[in-house]
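Sequence plus predicted model, see below.
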Amino acid sequence: MIEHLQDTVTLNNGVKMPGFGLGVYKVEEDVAIDSVKVALNNGYRSIDTASFYENEKGVGQAIKESGVPREEIFITSKVWNDEQGYEETLEAFDRSLKKLELEYLDLYLIHWPVKGKYKDTWKAMEKLYNEGKVRAIGVSNFHVHHLEDLMSDSQVKPVIDQVEYHPHLTQEKLRAFCEDNDIKLEAWAPLKRGRLFDEPVISELAEKHGKTPAQIILRWDVQNHVVTIPKSTHEHRIKENADIFDFALADDDMRRISRLNKDERTGMNPDSFDE
């Protein structure tokens with residue numbers, strides 16, 4: 001478990017990745033520039049973007065303007081659904097790298113498991129990985145059966161499965177599978193887009209620990225060994241989200257939060273998403 005904002009987890013290929021970072025889902029480009037700079041200036045070292053977010057150029061500009069050395073920053077991007085396929089993925093990667101104005105990516109993910117395409121997409125990502133253009137490759141929004149299918153004839157095991165994960169969607173089967181297979185689980189929408197803050201258990205624990213509901217939820221993530229990338233565009237919230245390393249939730253606190261599970265999503269189900 002990470003103990004500080006810049007602490008890392010070790011991926012199954014030996015690459016170290018910060019266990020906590022900033023997500024910039026669909027943040028407008030000019031806002032993304034400011035948000036990323038605020039995060040980097042306040043100690044964040046992991047930034048998660050995607051071609052679908054349409055802000056890679058802004059993220060790249062923020063990295064340059066931040067003054068933080070490139071090698072200290074862990075940058076993730078993703079290949080979108082209509083970019084999947086072998087040649088298409090190679091081209092999509094080049095576009096992302098050009099927009100970010102980077103020489104390499106730290107992590108590249110398949111954004112969704114597009115049926116009939118994600119295996120060819122993965123072969124392209126293996127090529128990028130073997131050529132040293134990306135330090136690690138993984139997936140996003142994959143169920144257990146998608147992971148099993150992908151790994152049945154792949155050369156490189158995914159290092160990450162980035163999925164919707166929060167107290168209303170604890171994904172215990174998937175979390176156990178990933179743990180057994182040395183794949184890190186990473187949470188998007190860890191705060192369920194703010195829809196968890198009025199949960200009585202969360203409110204009670206926030207009062208008990210002198211923290212905000214968001215901090216309680218993010219601490220639950222960290223203590224569950226889940227890599228976490230909350231999105232925020234406000235400086236005080238970016239700082240607040242990272243202020244979770246000066247307290248701990250008791251085992252009973254953790255169990256009470258986990259019992260809030262409803263298998264309830266804010267996003268699409270990977271088995272029935274609109275490709």
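Arrived safely.

Report the contact partners of the closest residue to residue 90 other than its chain neighbours.
Spatial nearest neighbour of residue 90, excluding adjacent residues (C-beta to C-beta, 6 or more residues apart in numbering): residue 124 at 5.1 Å. From N, CA and C alone the C-beta is placed, and that goes for glycine too. By C-beta atoms under 8 Å, 6 or more residues apart in numbering, the contact set of residue 124 is 85, 86, 87, 88, 89, 90, 93.

do residue 214 as well
191, 197, 230, 237, 240, 241.

ok, which stretches of the stretch 151-275 of the chain are strands?
160-164, 184-188, 227-228 (DSSP state E, counting those that start in this stretch).

Make TSV out of those and add mean neighbour count, distance to residue 132 and mean pLDDT.
Output for the strands of the stretch 151-275 of the chain, formatted as TSV (neighbours: other C-beta atoms under 10 Å; distance: least, C-beta to C-beta, whole Å; pLDDT from 0 to 100):
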stretch	mean neighbour count	distance to residue 132	mean pLDDT
strand 160-164	25	19	98
strand 184-188	24	21	98
strand 227-228	26	23	98
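
Which of the ones you listed sits closest to residue 134?
The closest of those to residue 134 is strand 160-164. By C-beta to C-beta, the value is 12.1 Å.

With distance to residue 15 as new columns, can the strands of the stretch 151-275 of the chain be given to me in a markdown table?
Putting these into a markdown table (distance: least, C-beta to C-beta, whole Å) gives the following:
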| stretch | distance to residue 15 |
| --- | --- |
| strand 160-164 | 10 |
| strand 184-188 | 11 |
| strand 227-228 | 13 |
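
closest one to residue 19 among those?
Per C-beta to C-beta, nearest to residue 19 of the strands of the stretch 151-275 of the chain: strand 227-228, 5.4 Å.

what packs against the closest one?
strand 184-188, helix 213-223 (3 or more C-beta pairs under 8 Å, 6 or more residues apart in numbering; DSSP states H and E).

By neighbour count, which of the contacts of residue 124 wins?
residue 89 (24 neighbours; other C-beta atoms under 10 Å).

and that residue, which of the three is it?
helix (DSSP: H, G, I helix; E, B strand; the rest coil).

separation between it and residue 124?
4 Å (C-beta to C-beta, to the nearest Å).

cool, and residue 146?
Distance from residue 146 to residue 124, by C-beta to C-beta: 17 Å.

Can you give me the neighbour number for residue 269?
So residue 269, with other C-beta under 10 Å, has 10 neighbours.

What of residue 171?
21.

Relative to residue 108, how far out is the nearest residue to residue 87 once chain neighbours are set aside?
Closest residue in space to residue 87, ignoring its immediate chain neighbours: residue 124 at 7.4 Å, by C-beta to C-beta, 6+ apart. According to C-beta to C-beta, residue 124 stands 10 Å off from residue 108.
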